[in-house]
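got a sequence here, can you build the structure:
(one chain, ligands or ions: 1)
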Amino acid sequence: MYEELPDEELFGPGDFSDSGELEVDNIMNEAESHENDAQLTPDPLISSNSEPQKTVFPSIPGLFLYKNLLTQEQQNKLVDAIINEGYFERPESNQAMCFGTLPPFIMRVVDIIENIPSIFPDEIKHRKPLFDQSIINVYKPGDGINSHVDLDRFEDGIVIISLLSACAMKFIPAYLINKELGYSDTSTATNPNEVIPVILRPGDVLAMSGPARYDWAHGIEATKIDIIGDERIVRKVRVSITLRKMKEIQVLNQCADN
Ligand SMILES: O=C(O)CCC(=O)C(=O)O
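Predicted structure coming up:
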């Protein structure tokens with residue numbers, strides 16, 4: 001069942017920084033204007049096995065970026081389904097969550113993800129279901145999300161799907177964001193102040209497990225323009241879908257509460 005809401009308990013406190021209202025029309029306009037946005041940039045580090053091309057990040061084990069994994073048609077269908085579900089009809093809505101059995105339009109992407117041989121270690125890849133929670137976030141230009149490590153109530157193995165517009169997601173060693181939260185310096189970063197920017201474009205799928213999920217925090221700066229090396233990304237409306245699996249104990253607690 002879907003709930004439209006920013007639930008701080010599930011998402012982490014104050015993670016989502018919002019610069020104002022968003023209209024569904026904006027999402028549709030963006031969908032039309034991005035129809036021909038194929039990403040053809042070659043990757044620096046590409047695997048040569050039969051799975052889709054992926055970018056790996058030597059400093060961040062467990063972080064894999066599958067560039068342009070979803071075709072333009074698949075992206076359009078996802079955006080259309082999100083619009084048709086009406087999650088973002090209220091102008092102030094920028095987040096929708098789903099627990100349990102995920103809706104068919106998301107399951108179609110999960111099918112694609114499940115078939116990527118080395119996206120996650122086997123024990124994660126073969127769990128059933130692979131995901132039972134999704135968050136759809138809508139970002140207007142200038143919106144961001146604070147650096148965070150996904151809450152411990154979620155299992156290892158998280159995926160973020162990007163739609164409509166590009167942005168830079170920044171990874172920093174987790175203990176830097178809040179030492180009081182108990183994140184210890186277990187990071188794989190060689191330089192503790194290391195910031196690793198990952199450009200997420202429409203159709204990209206980012207997978208995090210192990211150190212990428214626990215030892216590194218990820219966030220998106222609240223800015224209208226990202227500058228990464230020579231690249232200047234002017235943000236437009238972006239939609240993301242995050243897929244996670246709740247720990248069994250959480251599901252049991254939820255049942256007990258109801
Ligand atoms: O929107 C994104 O790309 C990131 C979302 C995220 O980090 C989260 O949902 O925890």
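
please save the CA atoms from stretch 209-216 in CSV.
Only the C-alpha atoms of stretch 209-216 are listed here, as CSV (Å, rounded to 0.1, in the frame of the first residue of the first chain):
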residue,chain,number,x,y,z
SER,A,209,26.1,-2.9,-0.7
GLY,A,210,28.7,-3.6,2.0
PRO,A,211,31.0,-0.6,2.6
ALA,A,212,29.1,1.5,0.1
ARG,A,213,25.9,1.1,2.1
TYR,A,214,27.4,1.2,5.6
ASP,A,215,30.7,3.1,5.6
TRP,A,216,29.9,5.8,3.2
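
return the distance of it from the chain's centre.
In terms of Cα atoms, centre = their mean, to the nearest Å, the gap separating the centre of stretch 209-216 from the centre of its chain is 14 Å.

same check on stretch 198-209?
7 Å.

and the end-to-end length of that stretch?
By Cα to Cα, to the nearest Å, the extent of stretch 198-209 from end to end equals 16 Å.

avg pLDDT for it?
Per-residue pLDDT values across stretch 198-209 average out to 98.

repeat that for stretch 91-108.
So the average pLDDT for stretch 91-108 ends up being 96.

the residue in the chain that the ligand sits nearest to: neighbour count?
Taking Cβ to the nearest ligand atom as the measure, the point where the chain comes nearest the ligand is S240, at 3.2 Å. C-beta here means a position set from N, CA and C on the backbone, and glycine is covered the same way. Other residues within reach of S240 by the criterion other Cβ atoms under 10 Å amount to 21.

report pLDDT for it.
The predicted local confidence for S240 comes out at a pLDDT of 98.

ok, it to I83 distance?
Summarising the geometry, the distance separating S240 from I83, computed by Cβ to Cβ, to the nearest Å, is 15 Å.

quick one on the thing from earlier: residues touching the residue of the chain closest to the ligand, list them.
If a contact means Cβ atoms under 8 Å, 6 or more residues apart in numbering, then S240 has 136-137, 139, 160-163, 200 as its contacts.

just the ones of the residues you listed in helices?
Counting by DSSP state H, no part of the contacts of S240 is found in helices.

which of the residues you listed come close to the ligand?
Restricting the contacts of S240 to those touching the ligand (Cβ under 6 Å from any ligand atom) yields 137, 160.

I'd like the contacts of S240 as a markdown table, with neighbour count and distance to F120 appended.
Putting the contacts of S240 into a markdown table (neighbours: other Cβ atoms under 10 Å; distance: Cβ to Cβ, whole Å) gives the following:
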| residue | neighbour count | distance to F120 |
| --- | --- | --- |
| I136 | 24 | 21 |
| N137 | 22 | 22 |
| Y139 | 25 | 26 |
| I160 | 21 | 14 |
| I161 | 27 | 15 |
| S162 | 25 | 19 |
| L163 | 27 | 22 |
| L200 | 24 | 19 |
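
tell me the two of the contacts of S240 that are most distant?
I136 and L200 (14.9 Å; Cβ to Cβ).

my guess is L206 contacts L200, does it?
Yes - between L206 and L200 there is a contact under Cβ atoms under 8 Å: 6.3 Å.

between those two, what contacts are shared?
Common neighbours of L206 and L200 (Cβ under 8 Å, 6+ apart) are 65, 160, 162, 169.

how about these in CSV, adding pLDDT?
Putting the shared contacts of L206 and L200 into CSV (pLDDT from 0 to 100) gives the following:
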residue, pLDDT
L65, 98
I160, 98
S162, 98
M169, 98
